[in-house]
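S.K.: Can you look at this prediction? I've put the sequence above it.
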Amino acid sequence: MTPTGTNFLDDMAKRSATRAHAAMAAVPLDPMRARALAAPPPKPLVLDRFDLIAEVKRSSPSQGSLASADVDVVAQARSYSDAGAAMISVLTEPARFGGSLEDLRAIADAVDVPVMRKDFLVEPYQVFEARANGASAVLLIARILGDESLARMLDACVEAGLTVLLEAFDAEDLDRSAQAISKHPGVLLGLNCRDLATLQEDVNRFASLAEAFPDGVVRIAESGIATADNAQAVARLGYGGALVGTALMRSSDSGRLAREMIEAGRVARA
């Protein structure tokens, strides 16, 4: 099935809700919350002039398989961490990205930097589930959360002590996100340049919406960053970091590419 437009996000959100309800049937919210709050403290996110959130994902709807079935996801994450990535993003969505909570837990146990759960999270339960499985951060998608739901998710992140990367796709998302995070300092605000109608990337969006971010927020460029030059270009626009997955998963030397992106971005922000 080829995802199209917002139907893709709708489908992912429905699948995520189904998984959440199944998980809650097995372990209800209160025990999961208790398990999360008893887990080791989240690792702090340390930011510099420009940082890389390097992603581990086995496949993607737009690119298909990104790694062999026996890929060592822990070794992949360690290559990012050794290169200086500020945070490791781990896909946990199983149906279209081949991810799992097992990947999240294994990587969180193996690296010293914070690990972010990337999924289509729709229930506060999943925030606590992330912390219980080693996450220090979660990605939230503004487009699939109504205002009240987004507020509840942000409150859950505060209770769990997790860093948040809030993802937007356009000016309307950025405006809603700015209002939602006005009482939540420290939330990273990401702009995904992927067109939801075609799943193609439009890197010009980084420039056209660079001034639509609220003052003081750390801007993260998502999708469309494949080279050090790409990282330097978004850094020059004022972005404080980039979330990169596909290019790193496909690179024959992911550590070197990660290091080159970080260095290029920091030169631009010096």
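M.R.: Arrived safely, thanks for sending.

S.K.: check contacts around Q232.
M.R.: A264, G265, V267, A268 (CB atoms under 8 Å, 6 or more residues apart in numbering). C-beta: built from backbone N, CA, C; applies to glycine.

S.K.: Give me the contacts around stretch 94-101.
M.R.: Contact with stretch 94-101 is made by 3, 12, 15, 19, 57-61, 65, 90-93, 118-119, 129, 133, as judged by CB under 8 Å, 6+ apart.

S.K.: Give me the mean pLDDT for that stretch.
M.R.: Throughout stretch 94-101, pLDDT has a mean value of 94.

S.K.: Of the contacts of Q232, grab the buried ones for ChimeraX.
M.R.: The ChimeraX selection below is limited to those of the contacts of Q232 classed as buried (16 or more other CB atoms under 10 Å):
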select :264,265,268
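
S.K.: Could you point out which of the contacts of Q232 is nearest to V164?
M.R.: G265 (21.4 Å; CB to CB).

S.K.: Quick one: mean pLDDT for stretch 66-81?
M.R.: Averaging pLDDT along stretch 66-81 gives 90.

S.K.: Check stretch 179-195 too.
M.R.: On average, stretch 179-195 scores 93.

S.K.: For that stretch, C-alpha coordinates in CSV please.
M.R.: Extracted in CSV, the C-alpha atoms of stretch 179-195 (Å, rounded to 0.1, in the frame of the first residue of the first chain):
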residue,chain,number,x,y,z
GLN,A,179,1.2,28.2,21.2
ALA,A,180,1.3,24.7,22.6
ILE,A,181,4.9,24.9,23.8
SER,A,182,4.7,28.5,25.1
LYS,A,183,4.5,27.1,28.6
HIS,A,184,7.0,24.2,27.9
PRO,A,185,10.5,25.7,27.6
GLY,A,186,13.1,23.4,26.2
VAL,A,187,10.9,21.8,23.6
LEU,A,188,12.7,21.4,20.2
LEU,A,189,10.6,22.4,17.2
GLY,A,190,11.2,20.5,14.0
LEU,A,191,10.1,21.3,10.4
ASN,A,192,9.7,18.2,8.2
CYS,A,193,10.2,19.2,4.5
ARG,A,194,8.5,16.1,3.2
ASP,A,195,5.3,16.9,1.2
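
S.K.: Please, where are all the strands along the stretch 101-250 of the chain?
M.R.: 115-118, 137-141, 163-168, 188-192, 219-222, 241-244 (DSSP state E, counting those that start in this stretch).

S.K.: And those strands: which comes nearest Y80?
M.R.: Going by CB to CB, the one of these nearest Y80 is strand 241-244, 9.3 Å.

S.K.: strand partners of that closest one, parallel vs antiparallel please.
M.R.: strand 51-56 (parallel), strand 219-222 (parallel) (DSSP bridges).

S.K.: what does the last one contact?
M.R.: In other words, strand 219-222. By CB under 8 Å, 6+ apart, strand 219-222 touches 53, 165, 167, 188-194, 206, 210, 213, 234, 238-243.

S.K.: No further queries at this time; thank you.
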